[in-house]
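Trainee: Structure here, sequence nowhere to be found:
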């Protein structure tokens, strides 16, 4: 199995989301040069806070980004990232989303 490095994952996910270096840098409060270094220089290690911002911007978890044995995010990683995003929404928005989800369950 080929090792899936942090830089490779950031680059691949960023491109899959049609994000430029500038866009990811803006979403993560970083510089374009910093994101480029993460993608291209394997010696660069972001702080836990920066890694969390990158994971959120890319819709994955920090655990996935650091796991060199997992090249692609599986359903569990995507669900965890979505759950964390939901948890950061205002309570009223969370309740509305839960009602929508519950109504879908009623239709089956």
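Mentor: Everything's here; your move. Please read all numbers here as calculations on a predicted model, not as lab measurements.

Trainee: what residues does the longest helix anywhere in the chain touch?
Mentor: Identified as the longest helix of the chain according to DSSP state H is helix 91-107. Applying C-beta atoms under 8 Å, 6 or more residues apart in numbering, the external contacts of helix 91-107 come out as 86, 87, 89. Backbone N, C-alpha and C define where each C-beta goes, glycine included.

Trainee: elements contacting the one helix or strand the first one maps to?
Mentor: Here residue 86 sits within helix 75-87, counting by DSSP states H and E. With contacts defined as 3 or more C-beta pairs under 8 Å, 6 or more residues apart in numbering; DSSP states H and E, the secondary structure elements packing on helix 75-87 are helix 48-58, helix 91-107.

Trainee: Next up, the contacts around the nearest residue to residue 52 once chain neighbours are set aside.
Mentor: Spatial nearest neighbour of residue 52, excluding adjacent residues (C-beta to C-beta, 6 or more residues apart in numbering): residue 62 at 5.6 Å. Residues in contact with residue 62 (C-beta under 8 Å, 6+ apart) are 48, 51, 52, 55.

Trainee: burial measure for the third one, as a count.
Mentor: Read that as residue 52. The local packing of residue 52 (other C-beta atoms under 10 Å) involves 16 other residues.

Trainee: now swap in the second one and tell me
Mentor: For residue 51, the neighbour count with other C-beta under 10 Å is 19.
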